[in-house]
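Undergrad: Quick check, what structure comes out for this input:
(one chain, ligands or ions: 1)
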Amino acid sequence: QDGSAPAMPYEGVEYLVSTTVGGQKLNLDFDTGSADLWVFSSGLSAASKKGHNVYNSASSSTYKALSGYTWSIQYADGSGASGTVGTDTVTIGGTSVKAQAVELATKVSSQFVSDGSDGLVGLAFSNINTVRPRSQKTFFDNANPSLASPLFAAYLPFNANGAYDFGYVDASKYTGSVSYAAVSSSGGFWEYASTSYKVGSTAHAMSGTTGIADTGTTLLLMVDSAVSAYYASVSGAKNTADGWTFPCAATLPSLAIRMGSSAYATIPGSLLNFETYSGSTCYGALQSVGGGTQNIYGDVFFNAYYGIFDSTGPRFGFAAI
Ligand SMILES: CC1CCN(C(=N)N)CC1
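TA: Coordinates of the predicted model:
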């Protein structure tokens with residue numbers, strides 16, 4: 001059954017969705033860049049639990065342990081978590097899954113202790129789920145057969161309440177028409193070709209590069225050729241040990257990103273100043289992805305576009321918000 005759940009912005013770095021697991025309410029970070037649903041659990045140390053809602057499987061009448069199953073995940077930023085596994089009823093907005101694999105964290109890295117989320121809902125493809133000895137399905141894969149349309153969508157406006165829609169595209173959340181990029185899921189991500197970009201109106205090739213639609217990453221992370229070309233047009237921009245900074249008074253050009261083999265998605269300059277770095281120096285929302293040829297289009301992308309994760313194809317749809 002279809003549903004929509006509010007997504008609340010948290011400190012400009014993520015969006016949290018109130019989710020019930022076995023009737024217990026948790027604020028979870030929806031992450032289309034991973035495929036594990038894991039929660040802070042009663043098995044964590046007191047220090048790790050500080051400031052978080054915690055799931056206690058012992059007080060859920062619908063919890064079933066998966067004996068001998070474990071999970072362990074490391075994220076790109078070096079953070080990580082691990083623990084045990086069971087199933088329980090998970091409800092997000094109006095969409096419920098009865099026997100969803102719920103991964104109970106018995107260890108979490110310091111980044112998660114200081115983070116606002118009580119865990120993650122992985123919405124990438126189930127082939128990268130870390131549960132062993134048998135990998136488990138994502139909430140979307142489990143819910144999919146019960147949805148009117150086999151898709152979910154992310155509406156994440158800048159510094160405002162957003163939503164995740166399951167089973168339908170909400171035409172009230174975007175303007176103009178939807179464009180689509182063909183997705184290759186073999187790497188586990190909502191990944192598509194992204195082979196050129198425009199800084200303002202100047203186009204540049206980005207041959208052999210892909211992008212992933214990643215609600216679990218805050219910024220836009222791109223290959224160095226694109227990031228250098230962008231900041232070459234920003235006077236006073238500097239690549240510091242912490243990343244690219246520029247004078248807060250600088251006028252930032254727009255960045256148009258080619259999505260698949262067709263349309264461009266244009267991020268306005270106003271969304272490309274992430275935060276004050278120090279004094280009158282600001283920190284860019286566009287930063288280097290480090291190595292490789294896979295760009296990571298995070299929340300800043302979704303601040304400009306409604307994102308449609310459609311399992312038909314699969315394909316990724318985008319429409320200006
Ligand atoms: C490719 C990486 C992107 C960031 N990640 C994530 N959102 N969970 C990890 C994978």
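Undergrad: What's the mean pLDDT across the longest helix along the chain?
TA: The residue-count maximum for a helix in the chain (DSSP state H) belongs to helix 224-231. Mean pLDDT, computed over helix 224-231, is 98.
Undergrad: Could you list the paired strands of the helix or strand that comes right after it along with their orientation?
TA: Scanning forward in sequence from helix 224-231 by DSSP states H and E, the next helix or strand is strand 238-240. Strand 238-240 pairs in its sheet with strand 243-247 (antiparallel), by DSSP bridges.
Undergrad: Give me the residues contacting the strand it pairs with.
TA: The contact list for strand 243-247 (Cβ atoms under 8 Å, 6 or more residues apart in numbering) reads 227, 231, 234-238, 252, 277, 280-284, 286-288. For the C-beta atoms, the positions are set from N, CA and C on the backbone; glycine is no exception.
Undergrad: Write out the residues of the stretch 201-321 of the chain neighbouring the ligand.
TA: Residues of the stretch 201-321 of the chain lying close to the ligand (Cβ under 6 Å from any ligand atom) are Asp214, Gly216, Thr217, Ile296.
Undergrad: In contact with the nearest residue to the third one once chain neighbours are set aside, which residues?
TA: By the measure of Cβ to Cβ, 6 or more residues apart in numbering, the closest residue to Thr217 outside its immediate chain neighbours is Gly298, 3.3 Å from it. The neighbours of Gly298, taking Cβ under 8 Å, 6+ apart as the test, are Asp214, Thr215, Gly216, Thr217, Thr218, Leu219, Leu220, Leu221.
Undergrad: likewise Gly317?
TA: Shown in contact with Gly317 (Cβ under 8 Å, 6+ apart): Ala153, Val169, Val178, Ser179, Tyr180, Gly307, Ile308, Asp310.
Undergrad: go on, Phe301?
TA: Going by Cβ under 8 Å, 6+ apart, Phe301 touches Ala213, Leu220, Ile257, Ala265, Ile267, Gly307.
Undergrad: Phi, psi for it please.
TA: Backbone torsions of Phe301, given as degrees, to the nearest 10, read phi -60, psi -40.
Undergrad: which residue ranges form the helices in the stretch 201-321 of the chain?
TA: 224-231, 299-302 (DSSP state H, counting those that start in this stretch).
Undergrad: right, so those helices: which one is the most enclosed?
TA: With neighbours defined as mean count of other Cβ atoms under 10 Å, the helices of the stretch 201-321 of the chain peak in mean count at helix 299-302, which reaches a mean of 24.
Undergrad: Any residue of stretch 152-169 touching the ligand?
TA: No. Judged by Cβ under 6 Å from any ligand atom, stretch 152-169 makes no contact with the ligand; its nearest approach is 12.7 Å.
Undergrad: swap in stretch 75-87?
TA: Yes. Applying Cβ under 6 Å from any ligand atom, one finds stretch 75-87 touching the ligand at Tyr75, Ala76.
Undergrad: Compute the distance between Pro9 and the ligand, please.
TA: 17 Å (Cβ to the nearest ligand atom, to the nearest Å).
Undergrad: Make sure that residue is indeed in a strand.
TA: Yes. Assessed by DSSP: H, G, I helix; E, B strand; the rest coil, Pro9 belongs to a strand.
Undergrad: and the residue of this structure nearest the ligand?
TA: Across the chain, the shortest distance to the ligand (Cβ to the nearest ligand atom) belongs to Gly33, at 2.5 Å.
Undergrad: Secondary structure element holding that residue?
TA: Under DSSP H and E, no helix or strand contains Gly33.
Undergrad: what sits against it?
TA: Ala124, Phe189, Ile212, Asp214, Thr215, Gly216, Thr217, Ile296.
Undergrad: thought Thr266 was touching Ala304?
TA: Yes. Between Thr266 and Ala304 there is a contact under Cβ atoms under 8 Å: 7.3 Å.
Undergrad: Outside of the longest helix of the chain itself, list whatever touches it.
TA: With Cβ under 8 Å, 6+ apart as the test, helix 224-231 has contacts from 197, 199, 204, 206, 237, 239, 244, 246, 253, 255, 284, 286-288, 295.
Undergrad: Low-confidence stretches in the stretch 201-321 of the chain?
TA: Across the stretch 201-321 of the chain, nothing is flagged by pLDDT under 70.
Undergrad: Now do the closest residue to Asp2 other than its chain neighbours, the pLDDT please.
TA: In space, and not counting its chain neighbours, Asp2 is closest to Gly167: 3.3 Å by Cβ to Cβ, 6+ apart. The confidence metric pLDDT takes the value 98 at Gly167.
Undergrad: Perfect, that will be all.
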